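Asker: Just to be clear, the model below is a prediction. Sequence and coordinates:
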Amino acid sequence: MEAQETVYCRGHPLVLGNHPTTFEVTREDHLTKNGNCIIGIAADKGCSGLSYEFKQVLSHDDAVLFTRLLCGGVTAEVKSRGSVKFTLDHPTDIVWRRSSFVCGRTIGIWSDHVAATLPEALIANLVAGKEMIVTMTARRPG
């Protein structure tokens with residue numbers, strides 16, 4: 001089983017990309033220095049805007065999430081896990097986590113990348129305010 005979602009967002013001059021345990025994209029159109037996990041703003045959807053089919057595939061403990069971040073010609077690939085605990089109901093935020101913590105904003109746990117480990121060139125493009133395409137593919141066996 002497989003489902004895919006695409007989120008469009010953009011960077012901001014205050015993108016720091018130095019959070020050690022998460023990264024986030026948000027529908028909010030502003031950013032402060034406190035939001036050091038936020039790498040994309042003005043997203044066209046939050047977790048609640050994802051399709052029913054995508055949520056169904058991802059909301060299982062055996063689901064794997066492959067996320068591709070593309071900004072200014074620089075790509076980063078992130079692998080995460082799904083969970084039966086996912087609610088995916090937050091209206092503005094989408095968060096990838098290194099840990100197993102789950103809330104309504106969580107789209108991936110046990111992620112192999114966080115803001116601090118994303119490519120410097122990707123972060124530089126986001127600081128320049130460039131557009132980013134976030135392509136997420138959720139897969140389950142069977």
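Answerer: Arrived safely, thanks for sending.
Asker: all contacts plus neighbour counts: C-alpha atoms, from now on.
Answerer: OK.
Asker: How about the secondary structure of Val84?
Answerer: Here Val84 is coil, with the state taken from DSSP: H, G, I helix; E, B strand; the rest coil.
Asker: Tell me which residues touch it, please.
Answerer: Ser59, His60, Asp61 (C-alpha atoms under 8 Å, 6 or more residues apart in numbering).
Asker: So which of these wins on neighbours?
Answerer: The most crowded member of the contacts of Val84, judged by other C-alpha atoms under 10 Å, is Ser59 (22 neighbours).
Asker: Phe86 is in contact with that one, correct?
Answerer: Yes - with contact defined as C-alpha atoms under 8 Å, Ser59 reaches Phe86; the gap is 5.7 Å.
Asker: As CSV, the contacts of Val84 with secondary structure and pLDDT would be great.
Answerer: Shown next, in CSV, are the contacts of Val84 (DSSP: H, G, I helix; E, B strand; the rest coil; pLDDT from 0 to 100):
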residue, secondary structure, pLDDT
Ser59, coil, 97
His60, coil, 97
Asp61, coil, 98
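Asker: Rebuild the residues you listed as a markdown table, extending it with distance to Thr6.
Answerer: What follows is the contacts of Val84, written out as a markdown table (distance: C-alpha to C-alpha, whole Å):
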| residue | distance to Thr6 |
| --- | --- |
| Ser59 | 17 |
| His60 | 20 |
| Asp61 | 22 |
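Asker: ranges for the helices of the chain?
Answerer: 52-58, 120-127 (DSSP state H).
Asker: can you tell which of the ones you listed is closest to Glu28?
Answerer: Nearest of these to Glu28, taken as C-alpha to C-alpha: helix 120-127 at 15.2 Å.
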